[in-house]
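[1] how does the following fold in three dimensions:
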Amino acid sequence: MKYIIVITGASSGFGALAARALAVAGHTVYASMRETKGRNAAQVKELEKYVNEHSVDLRAIELDVSSQKSCDAAIQEIILKDGRLDVVVHNAGHMVFGPAEAFTPEQLAELYDVNVLSTQRVNRAALPYLRKQRKGLVVWVSSSSAAGGTPPYLAPYFAAKAGMDALAVVYARELTRWGIETSIIVPGAFTGGTNHFAHAGSPDDKARAAEYEAGPYAGFADQVLKGFASIVPADAEVSAVADAIVKVVDAPLGKRPFRVHIDPTEDGAEVVNAVSDRVRAELLRRIGLGDVLIPRNVTTASQVTN
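    Presented below is the predicted three-dimensional model:
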């Protein structure tokens with residue numbers, strides 16, 4: 001089945017890799033990013049080059065996840081061109097690195113906006129179409145930090161990703177009766193192959209950060225980064241995240257896993273999530289809402305889509 005897919009934050013990293021992998025798998029993929037004629041113009045040219053070299057249906061589209069107007073316009077453009085939208089991949093995000101105290105409240109709000117509120121804007125733009133179709137898939141690119149090991153100096157990012165993950169869990173149960181399925185992709189720490197650490201933001205309060213560096217946490221940032229690098233296997237490939245997304249998208253309705261962990265460091269998130277997801281599912285059954293654990297009319301929908 002060929003799907004119409006939109007993926008956010010597809011200018012680089014997991015997003016760019018997933019967009020290409022999904023296109024190679026035979027889908028029509030809209031690789032969304034902001035400033036396609038400005039800061040990301042070079043990325044658009046690289047995408048077009050990839051399309052020409054691999055003969056795939058991969059299209060760059062302007063979508064700024066910080067603007068509801070931009071989200072609405074992008075989704076409407078997709079519907080206008082293709083008549084439907086099958087899969088939404090929430091991938092846009094940003095990382096920051098440094099002592100939590102040195103980040104201003106405004107910085108935390110901005111990070112929450114990029115990692116969490118962005119998904120709400122895209123959902124409000126896209127879900128009316130998926131609900132009307134009575135079928136679809138929403139993929140959330142979460143982080144093992146929401147449940148596994150949480151090294152210091154990444155608190156604002158971890159908090160934002162935990163918020164996104166919590167939103168994804170509840171959204172999943174509010175969409176199944178519409179026939180819409182959810183899968184949460186949980187990458188672990190990849191210190192190479194993406195620009196997450198290289199492009200990570202830093203605290204605005206430089207004086208406060210300097211107090212940490214001049215005190216008992218002198219050199220601590222390097223300790224954290226070296227510690228991460230030491231537990232990432234040499235053969236860890238970030239492309240595994242893109243491959244996991246392709247497998248989820250290509251799986252039959254009703255057979256898609258609720259979570260998929262791609263964690264070369266094995267930080268414990270898979271163990272914790274297995275327990276928490278089971279407990280949540282059991283509560284839903286206890287209160288008579290067990291039906292929201294699977295998409296409604298799975299059998300019928302599978303027959304239609306296959």
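[2] CA only for contacts and neighbour counts going forward, please
    Noted.
[3] so what secondary structure elements neighbour the strand ranked longest in the chain?
    Longest strand in the chain, counting residues (DSSP state E): strand 180-187. Contacts defined by 3 or more Cα pairs under 8 Å, 6 or more residues apart in numbering; DSSP states H and E place strand 180-187 against strand 136-141, helix 155-175, helix 239-250, strand 259-262.
[4] in the second one, what counts as buried?
    Within helix 155-175, the residues that count as buried by 16 or more other Cα atoms under 10 Å are 155-165, 167-169, 172-173, 175.
[5] what is it packed up against?
    Counting by 3+ Cα pairs under 8 Å, 6+ apart, the packing neighbours recorded for helix 155-175 are helix 105-112, strand 180-187.
[6] redo that, cut-off 7 Å
    helix 105-112 (3 or more Cα pairs under 7 Å, 6 or more residues apart in numbering; DSSP states H and E).
[7] what angle do the helix it packs on and helix 155-175 make?
    40 degrees (axes from the mean of the first three to the mean of the last three Cα atoms, to 10 degrees).
[8] run through who's touching helix 105-112.
    Residues from elsewhere that reach helix 105-112 (Cα atoms under 7 Å, 6 or more residues apart in numbering): His94, Pro156, Ala160.
[9] quick check: what element follows it along the chain?
    Following helix 105-112 in sequence order, the next helix or strand is helix 118-133 (DSSP states H and E).
[10] so what does that next one touch, helix or strand wise?
    Checking 3+ Cα pairs under 7 Å, 6+ apart, helix 118-133 ends up next to helix 68-82.
[11] among the helices and strands packed on strand 180-187, which comes closest to Glu211?
    Closest to Glu211 of the helices and strands packed on strand 180-187, according to Cα to Cα: helix 155-175, at 17.7 Å.
[12] now what about that closest one, what contacts it?
    Contacts of helix 155-175 (Cα under 7 Å, 6+ apart): 95-96, 100, 108, 111-112, 115-116, 140, 142-143, 145-146, 181-182, 292-293.
[13] thanks a lot, catch you later.
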